[in-house]
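*Asks:* mind folding the following:
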Amino acid sequence: MVRGGRRAGRPLLTAHLDTEGSGRTAGLVVSKAVGGAVVRHRVARRLRHLLAARIEELPDGTRLVVRAAPGAGTATSAELGADLDRALARLVRA
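*Replies:* Sure thing, here's the model as predicted:
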C-alpha cells in the first residue's frame, strides 16, 4: 500500500493514499525514530483522534496510511492537525 497510490510529505508526517479498496480505512506507522514507547503511543493517540474527525471527508474506497516523522514526538496536536490537513488536501485534490 505504501509503495502504490499517492503520497504527500509534510515536516511532521507523510500520508499515503490509495483508492482501490472499499469503505474507508486508516492506519498509522509510528517508528522508534519518533521517540520512546510513551512518546510513540502519545503521537499515535493524537493522530488517531485527528484521523477520526477527518476520515468521513475522504472519498469512499480510500485506504490511508499516516507515517509519523521524528519531529512528531515534540509537536503539538495543533501542529500535527495542520500537517495532516495539508497532506489530505493535497492527496484528495490530486
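*Asks:* which ones are touching the residue nearest the centre of the chain?
*Replies:* The C-alpha lying nearest the average C-alpha coordinate of the chain belongs to residue 66 (CA atoms, centre = their mean; 2.8 Å). Residues counted as contacts of residue 66 (CB atoms under 8 Å, 6 or more residues apart in numbering) are 13-16, 26-29, 47, 51, 84, 87. Where C-beta positions appear, they are placed from N, C-alpha and C, glycine not excepted.
*Asks:* are any of those buried, and which?
*Replies:* Among those, those scoring as buried are 13-16, 26, 28, 47, 51, 84, 87 (criterion: 16 or more other CB atoms under 10 Å).
*Asks:* closest one of those residues to residue 62?
*Replies:* Nearest to residue 62 among these, counting by CB to CB, is residue 26 at 8.3 Å.
*Asks:* show me the strands in this structure, by range?
*Replies:* In the chain, the segments counted as strands under DSSP state E are 6-9, 13-18, 24-29, 62-68.
*Asks:* which of the residues in the shortest one are buried?
*Replies:* Using 16+ other CB under 10 Å as the test for burial, strand 6-9 gives 7-8.
*Asks:* give me the sheet partners of it and which way each runs.
*Replies:* Here strand 6-9 is paired, per DSSP bridges, with strand 13-18 (antiparallel).
*Asks:* what angle do the strand it pairs with and strand 62-68 make?
*Replies:* Relative orientation of strand 13-18 and strand 62-68, computed by axes from the mean of the first three to the mean of the last three CA atoms, to 10 degrees: 160 degrees.
*Asks:* ok, and what's touching strand 13-18?
*Replies:* With CB under 8 Å, 6+ apart as the test, strand 13-18 has contacts from 1-2, 4-8, 47, 58, 62-69, 72, 80, 83-84, 87-88, 91-92.
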